[in-house]
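Novice: Output the structure for:
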Amino acid sequence: MSIYGIVVMSKDGYVILDEKSMVQSWGNTMVDNIDENNPAVLKFKYPNNTEDVVKLILSITYDLYRTYSGAEEETGLQTTTGGNHSHSISTNIGSADQDMSMDFGTQQSGSSQGHTHTLETVIVDSNCTALRDHEHHRDTSFSSGPEGDHKHTIQDHSHDLDFGMETMGLGSLTVDIDVNGSTFMTDVGPEDSVNLEIPKEMLNYPGWNIIEIFSSEGLSRVNANYFTQIYLGT
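Specialist: A predicted model of the protein is given here:
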């Protein structure tokens, strides 16, 4: 009978190397904005020759929520529909003295553009008629129409590209964590978010694994990383 093989053990008591497999380690990290419906996603695959999972450790830190903004270049006729609303404008066209000529001995009145003149003659001599000093004053108001849904049309125009980035504070400081569609932890705060060991019973090996990190409430931004060790068949 032949005896062969080698076994290397860790100080924690698990096998690092034997005749069938050896321990392999790797990890990854990602940073993303999150809310209750849009998680940060860590996705990785255990190889087909994975014999067993030694450990999977997840750590999360919190960062300032970040938003990207700017105006995009845009041309063309645009039409938008507004909700139930109306527009009104009021103007006051100031007063001014006016010179007018008219026939001797007559009075004239007429209307134009929503206002009326009544002119009283003053006889200066047999050949001339003059008006007393007077003013014109007109108030104008108009509305686009009755209240209700209506459209606005913007003529062809363009915007220059203008990129920007802003931070908006830490936001929510608790997260919910799902592993392969099942709840792992909820309401995880900064004091509890480091060195979280995910049970191998929640993992697919071999196969794909997905860790999703949701904000417990509102907007947040996380830096998440995982570290895993597996027995890889030789």
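Novice: Now do Tyr231 against Ile198, distance only.
Specialist: Separation of Tyr231 from Ile198 (C-beta to C-beta, to the nearest Å): 17 Å. The C-beta positions use only the backbone N, C-alpha and C, and glycine is treated the same way.
Novice: likewise Ser216?
Specialist: Distance from Ser216 to Ile198, by C-beta to C-beta: 19 Å.
Novice: Who has more neighbours out of the two?
Specialist: Ile198 (21 against 17; other C-beta atoms under 10 Å).
Novice: residue contacts, that one?
Specialist: Shown in contact with Ile198 (C-beta atoms under 8 Å, 6 or more residues apart in numbering): 56-58, 179, 184, 211.
Novice: pLDDT and distance to Ser158 for these - can I get that in JSON lines?
Specialist: Below are the contacts of Ile198 laid out as JSON lines (pLDDT from 0 to 100; distance: C-beta to C-beta, whole Å):
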{"residue": "Leu56", "pLDDT": "97", "distance to Ser158": "51"}
{"residue": "Ile57", "pLDDT": "97", "distance to Ser158": "51"}
{"residue": "Leu58", "pLDDT": "97", "distance to Ser158": "47"}
{"residue": "Val179", "pLDDT": "98", "distance to Ser158": "48"}
{"residue": "Phe184", "pLDDT": "97", "distance to Ser158": "49"}
{"residue": "Ile211", "pLDDT": "97", "distance to Ser158": "44"}
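Novice: For Pro47, state which of these is nearest.
Specialist: Closest approach to Pro47 among the contacts of Ile198 (C-beta to C-beta): Leu56, at 14.5 Å.
Novice: Surely that closest one touches Asn204?
Specialist: No - Leu56 lies out of contact with Asn204 (C-beta atoms under 8 Å); the separation is 11.4 Å.
Novice: Tell me where the protein has helices.
Specialist: Using DSSP state H, no helices are assigned anywhere in the chain.
Novice: Please parse it into its domains.
Specialist: The record's domain parsing of the chain by automatic domain parsing lists 27-68+166-228, 77-162.
Novice: For the closest residue to Thr61 other than its chain neighbours, list the residues it contacts.
Specialist: Spatial nearest neighbour of Thr61, chain neighbours left out: Asn223 (4.7 Å); criterion: C-beta to C-beta, 6 or more residues apart in numbering. Asn223 sits next to 29-31, 60-63 when contact means C-beta under 8 Å, 6+ apart.
Novice: Could you check how far Asn223 is from Leu42?
Specialist: Separation of Asn223 from Leu42 (C-beta to C-beta): 11 Å.
Novice: any common contacting residues for these two?
Specialist: Common neighbours of Asn223 and Leu42 (C-beta under 8 Å, 6+ apart) are Met30.
Novice: shaky segments in the protein?
Specialist: For the chain, applying pLDDT under 70 flags the ranges 1-11, 13-21, 69-150, 161-162, 234.
Novice: same thing but 90
Specialist: 1-25, 49, 51, 63-173, 190-191, 216-220, 231-234 (pLDDT under 90).
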